[in-house]
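J.: predicted model and sequence below, questions to follow.
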Amino acid sequence: MAGRIEDYALIGDMQTAALVCRDGTVDWLCLPRFDSHAVFAGLLGTEEHGFWRLGPAHAADAVPPVAARRSYRGDSLILESEWDTPRGTVRVTDFMPPRDGAPQLIRIVEGVTGRVPMRSALRMRFSYGRVVPWVHRHEGRTVAVAGPDSVWFDTEAETYGKSLTTYADFTVAPGDRIAFTISWQPSHREPPPLPEPEASLEATEEFWREWVDHCTYHGPYREAVIRSLITLKALTYAPTGGIVAAPTTSLPEDIGGVRNWDYRYTWLRDAAITLSSLLRTGYREEARAWREWLLRAVAGDPENLQIMYGIAGERELGEAELDWLPGYEKSAPVRVGNGAAHQLQLDVYGEVTEALHLAHMTGLARNDYASLLQLKLIRYLEDHWQEPDEGIWEVRGPRRHFVHSKVMAWVAVDRTIKLIESGDADGPLERWKELRDDIHRDVCEKGYDKERNTFTQSYGSQELDASLLLIPQMGFLPPDDKRVIGTIEAIQRELSTPDGFILRYPTSGGDAGVDGLPGDEGAFLACSFWMADDLAMIGRVDEARKLFEKLLALRNDLGLLAEEWDPRLQRQVGNFPQAFSHVPLIDTALRLTASGAYGG
């Protein structure tokens, strides 16, 4: 059985990522890209679907021991785990070196005290656990082949095969260092180069040290901000600049339920807000790469803008169910691909335009096509902003006139007006000023409940929605507007969990509700950070700080957050780690630091 979601550590190379559990088991790894088929899919099934455990030897019928301590080495993505055993202490260092060639996962075992018996158990299963590869020896190396894929296993330890698994049993004493490496290569190609684990470790540490040095934030929450920035960098696909929402699929929002989605793609919304956080903390190169990715993905067809694309800009992300996988803690179905790719989500136009605007304002070199794209997006919105859509939460129920979508349409027009006024683009300025006023008036008349003094989820509805918290943050209304304050207070009353975190919107339990899905979900962490932001903006800074620090306490021991927090089970749920949680963490830290609202 897989560990709790928060029991996992992330390692990666900016092209793919692995999740390592506290007991030293790699339960998830897709090769060679984030969105490739998994070689280790035990996270969504059982050990029969692929895993790699490396840790102290234990009896076959015993639970594998968990590490007594684990941490990242400084500000890096190099994981160090230590076990204390009756025979001594051992350390395992796990990392994936940033690369131009074959992807590698390297694990180095180091004796600390005593003499500790160790075991490596490697069970590779291709195609998300469905295909058993042909494992054989080739010139002294172990290779697993299935169709177009091959994975090469290299170690100085003696290995043997048993029950379709490759084992190594060995003992380490103080000063011993034994490395294990797997490398992916297309099966028709020559073998990948022999790994150089120690040199790769040194280069990986230097890469992260140099990257973190570019961070311009030096406030009181630096540790949390740096870890979140490293996580966002790890979710960036380096060859193209695309940013995945998470490196996993189908980790459930509702344990045992059906709210299981594939997040290994680039949502324009998620990537745009990620870009904004990177820009605010000094990372212009990532912003430039993402802007180039955007221009390639959208190409000459902004009228058919998708809400998400593949990490190289692919448009077809057909959704399918993997019925041979039982799902994480029996949360089925397991899905790959994402059918929401072709939904209409008008807010995306606002998020993309806001990101381009911020890039322009922070001095990113001008790109004429980016300005042209922005103008084309507004021309599309001019004809379509009054249509209902699926909204920010990708509902699979009927389309509605979601208030947040209309607000973000206003943002798109407002930021484009600012671009024209700056002299960097030409457009029908007066006409679009009228359009901006029309959208604003429409929202205030149709999306606001005067009796309750709150904006609502959609026109004519009674439900609330945490996305309304973005109204003051986007500048649609000032923070001291009574309608803004009323909305914040209404969301606190109606969408708060008992421990003070924020739900996205009301769910219906056993019946299909506004999102078209049965079941419930946890508190959406991004929404809780938005609440902290709003509280700071309306002057309730002590309350904002306390909520922010409660949210920081939800991170796992390595500083990582999933998408949601289940207040009933007191555990993280949803895909992990989640960019849409780490981005608002950074933004709230910056806001609280600027306001002086922090402890100590």
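T.: Arrived safely.

J.: contacting residues around residue 248?
T.: Applying C-beta atoms under 8 Å, 6 or more residues apart in numbering, we find residue 248 in contact with 19, 28, 43, 263, 264, 575, 576. In short, each C-beta sits where N, CA and C put it, glycine included.

J.: and the strands in the stretch 451-600 of the chain?
T.: Taking DSSP state E, counting those that start in this stretch as the criterion, the stretch 451-600 of the chain carries its strands at 454-455, 523-524, 564-566, 571-573.

J.: skipping adjacent residues, who's closest to residue 178 in space?
T.: Beyond its immediate neighbours in the sequence, the residue positioned closest to residue 178 (C-beta to C-beta, 6 or more residues apart in numbering) is residue 109, lying 4.8 Å away.

J.: so that neighbour belongs to a strand, correct?
T.: Yes: membership of residue 109 in a strand is supported by DSSP: H, G, I helix; E, B strand; the rest coil.

J.: got a list of what it touches?
T.: Residues in contact with residue 109 (C-beta under 8 Å, 6+ apart) are 54, 90, 91, 92, 118, 170, 172, 176, 177, 178, 179, 180.

J.: likewise residue 133?
T.: 124, 125, 126, 144, 145, 146, 149, 151.

J.: for it, give its distance to residue 30.
T.: 15 Å (C-beta to C-beta, to the nearest Å).

J.: quick one on the thing from earlier: only whichever of the contacts of residue 248 are buried, select them in PyMOL.
T.: Per 16 or more other C-beta atoms under 10 Å, the buried members of the contacts of residue 248 correspond to this PyMOL selection:
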select buried, resi 19+28+43+263+264+575+576
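
J.: wait, a helix at residue 117?
T.: No: counting by three-state DSSP, residue 117 falls outside a helix, being strand.

J.: and it, bridged to which residues?
T.: Beta-bridge pairing for residue 117 (DSSP bridges): residue 171.

J.: and it, how far is that from residue 181?
T.: For residue 117, the distance to residue 181 - C-beta to C-beta - is 22 Å.

J.: mind listing what the closest residue to residue 21 other than its chain neighbours touches?
T.: Take residue 21 and drop its neighbours on the chain: the residue closest to it by C-beta to C-beta, 6+ apart is residue 3, 4.3 Å away. Taking C-beta under 8 Å, 6+ apart, we find residue 3 in contact with 21, 22, 23, 25, 27.

J.: residue 166: which of these is nearest?
T.: Nearest to residue 166 among the contacts of residue 3, counting by C-beta to C-beta, is residue 25 at 14.7 Å.

J.: show the pLDDT at that closest one.
T.: pLDDT for residue 25: 98.

J.: with residue 493 instead?
T.: 95.

J.: before we move on, what about the one 4 residues further on?
T.: The predicted structure scores residue 497 at 92 on the pLDDT scale.

J.: what's the burial count for the closest residue to it other than its chain neighbours?
T.: In space, and not counting its chain neighbours, residue 497 is closest to residue 567: 4.2 Å by C-beta to C-beta, 6+ apart. Other residues near residue 567 number 16, with proximity taken as other C-beta atoms under 10 Å.

J.: same question for the one 4 residues further on.
T.: Residue 571 is flanked by 17 other residues according to other C-beta under 10 Å.

J.: same thing with residue 550?
T.: Residue 550: 14 surrounding residues under other C-beta under 10 Å.

J.: got it, and residue 482?
T.: 9.

J.: any figure for the gap between the residue nearest to it when sequence neighbours are not counted and residue 33?
T.: Take residue 482 and drop its neighbours on the chain: the residue closest to it by C-beta to C-beta, 6+ apart is residue 453, 6.8 Å away. Computed as C-beta to C-beta, the residue 453 to residue 33 distance reads 49 Å.

J.: quick one, phi psi at residue 338?
T.: phi -150, psi 110 (degrees, to the nearest 10).

J.: could the strands of the stretch 451-600 of the chain go into TSV alongside mean pLDDT and distance to residue 259?
T.: Shown next, in TSV, are the strands of the stretch 451-600 of the chain (pLDDT from 0 to 100; distance: least, C-beta to C-beta, whole Å):
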stretch	mean pLDDT	distance to residue 259
strand 454-455	98	26
strand 523-524	92	12
strand 564-566	95	10
strand 571-573	97	9
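
J.: is residue 271 in contact with residue 243, as I believe?
T.: Yes: between residue 271 and residue 243 there is a contact at 4.3 Å, judged by C-beta atoms under 8 Å.

J.: now do the shared contacts for these two.
T.: residue 290.

J.: pick out whichever of the two has more residues nearby.
T.: Neighbour count, other C-beta under 10 Å: between residue 271 and residue 243, residue 271 has more, with 29 against 26.

J.: tell me which residues are up against the strand or helix carrying that one.
T.: In the assignment (DSSP states H and E), residue 271 maps to helix 268-280. Here helix 268-280 makes contact (C-beta under 8 Å, 6+ apart) with 217, 228-229, 232, 235, 242-243, 245, 286-287, 290-291, 294, 305-309, 345, 347-348, 351-352, 354-355, 358-359, 362, 364, 392, 579-580, 583-584, 586-587, 590.

J.: what's the next secondary structure element after it?
T.: By DSSP H and E, the next helix or strand past helix 268-280 is helix 284-298.

J.: which residues does residue 54 contact?
T.: Taking C-beta under 8 Å, 6+ apart as the test, what residue 54 contacts is 24, 25, 92, 107, 109, 118, 119, 120, 121, 180.
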